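Engineer: got a predicted model here, sequence first, then my questions.
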Amino acid sequence: MKISTKGRYALRLAIDIAAHESAGPVSLREASGRTGISVKYLEQLASVMAKNGILTSTRGAHGGYHLADKPQTYTAGDILRVSEGSTAPVACLDDDFGICPRRSECETIEFWEGLERAIDDYMDSVTLADLLPVT
């Protein structure tokens, strides 16, 4: 499994919003200036995260985004699954793949399942609160 730019940037955006939302909704222009990610790219990421209930938006001159819940509620795994889709290390474990016809005779399936569990367990053990910069 390789995390794409989309996943890395989505995590950076979520961390930025968590770190700055105490001053009010975070505009994507402000987030862009701090993260170095284009506003256009952030719009795409924020839209996906809002559709999945991680972010909420406020319209208007002083509008922007904020987390739908507290930073300790969301894990890195939550953000990466929303932005990346599957985090399975091999295609045969991806939900979109279906059940592999060789699964019952596959010598490596237990290894891949164990790797997937280890990845998921780690991603789900780290919250946005854990990733916030120390002030």
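Structural biologist: Good, I have the coordinates.

Engineer: extract the residue ranges of the chain that are flagged as low pLDDT.
Structural biologist: Scanning the chain for pLDDT under 70 picks out 97-98, 135.

Engineer: show me what contacts the residue most central in space within it?
Structural biologist: Closest residue to the average C-alpha location of the chain: Ile79 at 1.7 Å, with C-alpha atoms, centre = their mean. Going by C-beta atoms under 8 Å, 6 or more residues apart in numbering, Ile79 touches 7, 10-11, 14, 49, 54, 128. Where C-beta positions appear, they are placed from N, C-alpha and C, glycine not excepted.

Engineer: make it 10 Å
Structural biologist: 7, 10-15, 45, 49, 52, 54, 123, 128, 131 (C-beta atoms under 10 Å, 6 or more residues apart in numbering).

Engineer: now for these, which pair is the farthest apart?
Structural biologist: Asn52 and Leu131 (18.5 Å; C-beta to C-beta).

Engineer: between these two, who's got more neighbours?
Structural biologist: Remark: of Asn52 and Leu131, Leu131 carries more neighbours, 18 against 14, as counted by other C-beta atoms under 10 Å.

Engineer: now the helices for this structure?
Structural biologist: 5-20, 28-35, 39-51, 76-84, 109-123, 128-131 (DSSP state H).
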